[in-house]
Structure formats: C-alpha cells, structure tokens
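Chemist: Have a look; sequence and predicted model below, questions after that.
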Amino acid sequence: MTRRLPPMTALRTFEAAARHESFKKAAEELHVTSAAVSHQIKTLEDTLGLSLFRRRGRAVQPTDAATRFAGRLAQAFDTIETATMDLQGNPMSGTLRIAVTPFYGNRIVLPRLSRFHAMHPDIRVEPEMGATQIDFNKTDLDGGLLHGTGDWPGLTAIKMQEDQLVPVSAPSVVAGRALPLSASEIAALTLGYIEGQKDDWITWLNMMGYRGEPRQDMVGYGTRARVVDLAFSGHGVALADRRLTAADVATGHLVRLNEKAVSTGRGIWLVYPTTDFPDPRLQAFGDWFRAEVAKI
C-alpha cells in the first residue's frame, strides 16, 4: 500500500507552529530560521490546497480545521516517539564487556569500578582480562583498554591517560642510599625494559642530562607486568608508569629512585570498532575513567 503523506518535515514544522501559534517559537524549537518555517508551511499549504493559518501582521493563528489537524499530528508524533524508544530500549543499561590486561585491570580498573556502577546503576561493566590484542570480529566485546600510541586501524581510540615513566625498584636495591639517585647512579644498576622499548631508558637518561651508556646487562621482557616483577624481586630497576605503580609505592613495596618522569607518547586508550553510532555506554565509561585516572 502506497501511503499518501505530505512531506514529513513540513508536517513536523506545522505541528510546532500551530502548537506555539508562532513561527518564531517554532523556529527556536526546531533550531531553524523563521524563514525556513514559513517555507515549510507554504509547502504544506500548496500540497494540501488550503490555508492553514490566519495571518495578522507577524501574528499567526491556525484555522479551526488546522487546529484539529495539528492535534491529530501531535498524537501521531507521540506514537512514533514511543515506538522509537521501545525499539531502542534504554541505551544506558545492560552489560558492557571491556577487554583489559590483568596487570592494568587489577591495579587501576577494578579498585575504582564500583564508583562507575554507583553513577550508572543500570550499566554493568564486565572487565575481560585478556590479551593485549583484540579481534572484535571474533568476540562479543564492546570495547577495550589498550596500551600503545592509539594507532589501531579500524578502531576508534580515545586517550585515557599518557604514560609518565619513572624509575622504580624494590627498597632493598637502594637500602642505605639517599634518594633521589642521579642518572649516573641509576645507569649503573640493572635496568629492565619492555622488548621493543629499550630506547625509553635512553630517552629518560638523556632528559636527565646523562650522555653515557647504561649497563650492558639490561634485561628485556615481553610485557610491562614482567618488567615490574623484576623491580619487585629486587633484581633490577623498571621504568614504569607513575600511575600504574602508585599503589605499590604508597605501600612501600616499590620506591621511586627519582621523581623525574618522561613521556614516550604511549598510554592507555579506550578502543572500539569505528562506527557512525558509538555506544553511549562506552562514551560514559570513557568520560568517567579518564577523570578517575587523572586523580591518581
């Protein structure tokens, strides 16, 4: 069945103008100009073949027939709005599955997650403690917290925090020594690094004005967790993010050998498949989480 309907934009404009008895107020509601409202009303009148308003200068008043028509349109628009909301459901509810590494999740995400649930009681965040690489085509994940530079093709990446790297170790490594240590003193220790990121130490030492070479027995590991484990063990120094190790420093399990921090452009990013219609729950989580980590 072919429906004989006037232009929908003209109908919506007419209903607003009749309800307000004002083209100007209708324009303000619809975020258009008064001229645009006049144009739509003229289009509708031409389509219907009759006048809808009595015009007295700038004042407008719908005819009796137009008033009845506007009332029935308002009911129809209410039905459309209700049907749309029923179709969408509550967009700020349900389960949100977010991938995160156990190392970062246990230290940063989980201790704070109850505060997000208090703010958004209808959303349940389920951290998926998984790998550092995510294939959204093979999982039912909604998003992820990844460490890197934000360059993941096909994914939208929103920066949550930027790494601020400082040298940390177990207290036993510097027992009896006054802190902060100089760059040359730190360069003489066993330095741990993440494989592929060995130059982070060179960047930090150069920032400190040190131009020599660190010890040649530097130790490389595949993950940030393993490098920090080296520091915990008392067998070396890790160049680790200030926020990521803040709780360990506060409890005395780690000490900062020097408070000077360097940024390498890496950090934590909230990622999800690029789309024209991003999940508003993810956006709410990202806004909250970025504010949370800024407090650390």
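Modeler: Here it is on my side, so go on.

Chemist: Listing request: residues of the stretch 1-150 of the chain with sub-threshold pLDDT.
Modeler: 1, 131-132 (pLDDT under 70).

Chemist: any chance you could map the strands in it?
Modeler: Under the criterion DSSP state E, counting those that start in this stretch, the stretch 1-150 of the chain carries strands at the ranges 53-56, 59-62, 94-100, 123-129, 143-148.

Chemist: got the buried residues for the fourth one?
Modeler: Burial within strand 123-129, assessed by neighbour count using 16 or more other C-beta atoms under 10 Å, is assigned to Ile123, Val125, Pro127, Glu128. The way it works is simple: take the backbone N, C-alpha and C, and place the C-beta from them, glycine included.

Chemist: Output the residues you listed in CSV; the columns should cover distance to Asn206.
Modeler: CSV is the format used below for these (distance: C-beta to C-beta, whole Å):
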residue, distance to Asn206
Ile123, 45
Val125, 40
Pro127, 37
Glu128, 38
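
Chemist: per-residue confidence averaged over stretch 246-266?
Modeler: Across stretch 246-266, the average pLDDT comes to 96.

Chemist: can you give me the end-to-end distance of that stretch?
Modeler: One end of stretch 246-266 to the other measures 18 Å (C-alpha to C-alpha, to the nearest Å).

Chemist: same question, stretch 93-110
Modeler: Using C-alpha to C-alpha, the end-to-end distance of stretch 93-110 comes to 20 Å.

Chemist: now it, how far from the centre of its chain.
Modeler: Relative to its parent chain, stretch 93-110 has a centroid offset of 14 Å by C-alpha atoms, centre = their mean, to the nearest Å.

Chemist: Check stretch 287-296 too.
Modeler: Taking C-alpha atoms, centre = their mean, one finds stretch 287-296 lying 11 Å from the centre of the chain it belongs to.

Chemist: buried sites along that stretch?
Modeler: Buried residues in stretch 287-296, counted by 16+ other C-beta under 10 Å: Trp288, Phe289, Glu292, Val293.

Chemist: is it possible to export those residues to TSV including secondary structure?
Modeler: Below are the buried residues of stretch 287-296 laid out as TSV (DSSP: H, G, I helix; E, B strand; the rest coil):
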residue	secondary structure
Trp288	helix
Phe289	helix
Glu292	helix
Val293	helix
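
Chemist: which one among those gets closest to Val174?
Modeler: Using C-beta to C-beta, Val293 comes nearest to Val174 of the buried residues of stretch 287-296, at 27.7 Å.

Chemist: my guess is the closest one contacts Gln161, does it?
Modeler: Yes - contact criterion C-beta atoms under 8 Å: Val293 and Gln161 qualify, at 4.5 Å.

Chemist: Single out the most deeply packed of the strands of the stretch 1-150 of the chain.
Modeler: Most buried of those, by mean neighbour count (mean count of other C-beta atoms under 10 Å): strand 143-148, with a mean of 22.

Chemist: Determine how far that strand lies from the middle of the whole chain.
Modeler: Taking the mean of its C-alpha atoms, strand 143-148 sits 11 Å from the chain's own mean (C-alpha atoms, centre = their mean).

Chemist: Tally up the residues packed near Leu189, please.
Modeler: Using other C-beta atoms under 10 Å, Leu189 is surrounded by 19 other residues.
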